[in-house]
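K.L.:
Here you go, sequence then predicted model.
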Amino acid sequence: MPGYTPRRVSPYVLLGVASLVAIAVALAGMAFWPGSSDPPRSPQAASTAVPLRDPHALTGRTIVLDPGHNGGNGAAGSAINRLVDAGGFQKECDTAGAETDAGYPEHAFTFDVATRAAGLLRSRGATVILTRDDDTGVGPCVDERARIGNAAGAEAVVSIHADGGPPEGSGFHVIAPAASPDGGNGGILTASARLADLLRGSFGAATGQRRADYLGDDGITVRSDLGGLNLSRVPKVFLECGNMHNPGDAGRISDAAWRQRAAEGIVDGLAAFLVSAPSGGPSGAPTGVAGPATG
Ligand SMILES: [Zn+2]
C-alpha cells in the first residue's frame, strides 16, 4: 500500500491480540491432546466414531441402558436382599454397589453416565429406555432389569457399572454372557460377544482408560453368574468402567468431563454394533448374528 505509514497502536489492542493468539494456540493444542492427564486419542477413536457423524444413523433403533444399582438400595436391605430368579438359580435382587474412598457412589456414577449416553443416542435418532428414571429409588431387581430389555425388544443393552476391586488393580472390562445354567440365553451369546468386543475398543479409545489388569482377559470377562445376562434374550453386556477402590480410576470416575467421554465411548460402541448388524425382527434381536433363539 503506497504511502502507508504505521500508526501508533494502543497497548490495549496489543494485549487483546496477544490474548486471541494465546487462545488459538490453546485450542490447537487441545485438538491433539484432549486433556492434560490423558493420552492422545488413537486413530481407532476416529474410525469407531464415524457412524455418529450421520445424525440419522440410529433412527428407529431401540437401546436399553441399565445404570447399575440405585440410590435407595443401601437403606433397603430387606428389599434388595430378597432372592430372585437369576437363570437357573436364585440370587439377591441387587446390591448397594461400590463407592470411591471419597464417598462417590457407584449408583450415582452409573446414572450420570447412562443419562449422558442416552442424550447422545437420542440426538442420533435412537429410542432409549433406562431401567430406572432416577437415582433415589430401590431396585429394580436384576431379573426385572433383564425383563425391561426383553420387553422393549432392544437391539442392544449395556449395563453400566464401576467395580469395587482390589485397590492396586485398575482399568475397565466388559462382561459378556456365558451360557446360563438354565440354558435360556443361548441365542444372544454370539451377538453379545461382538458387542463386548466393539465396546471394549470404543470405550478405551474414547476415555484413554486401560484394560483391567486385575481380572479378565485383555478387558473381557465371560460369566454365567449374573442374572442380568442369564435372563436377557437380547444382546447384552456389562461394562465395568473402572475400579472405584483404585485412586487413579476413582479420580477419573469422579471427573464429569471423563464421564462424558465414557458416555461417548459407550455410544460409539453401540453405534458400531448397530450399524453393522441387520435391523431387528419382531423381537428386535439381530437374528442374523445371534442365530436361532433357544427355548
Ligand atoms: Zn455394580
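P.N.:
Now that the structure is in, tell me what you want to look at.
K.L.:
Which other helices and strands does the helix or strand hosting residue 150 contact?
P.N.:
Counting by DSSP states H and E, the element that carries residue 150 is helix 142-152. Helix 142-152 sits against strand 62-67, strand 83-85, helix 227-230, with contacts defined as 3 or more CB pairs under 8 Å, 6 or more residues apart in numbering; DSSP states H and E. Where you see a C-beta, it was placed from the backbone N, CA and C, and this is true even at glycine.
K.L.:
hmm, try it at 6 Å
P.N.:
Secondary-structure packing of helix 142-152 (3 or more CB pairs under 6 Å, 6 or more residues apart in numbering; DSSP states H and E): strand 62-67, helix 227-230.
K.L.:
list the contacts for the residue nearest the centre of the chain?
P.N.:
The residue lying closest to the centre of the chain (CA atoms, centre = their mean) is residue 266, at 3.8 Å. Contacts for residue 266 (CB atoms under 6 Å, 6 or more residues apart in numbering) come out as 117, 158.
K.L.:
For it, grab phi and psi.
P.N.:
Residue 266 adopts backbone torsions of phi -70, psi -40, taken as degrees, to the nearest 10.
K.L.:
can you tell me how far it sits from residue 85?
P.N.:
28 Å (CB to CB, to the nearest Å).
K.L.:
State the phi and psi torsions of the residue of the chain found nearest the ion.
P.N.:
Residue of the chain nearest the ion, by CB to the ion: residue 161 (3.4 Å). Note on residue 161: backbone dihedrals following degrees, to the nearest 10 are phi -140, psi 170.
K.L.:
hang on, isn't it packed against residue 240?
P.N.:
Yes. If you go by CB atoms under 6 Å, residue 161 and residue 240 touch, sitting 5.0 Å apart.
K.L.:
overlap in contacts of the two?
P.N.:
Joint contacts of residue 161 and residue 240 (CB under 6 Å, 6+ apart) do not exist.
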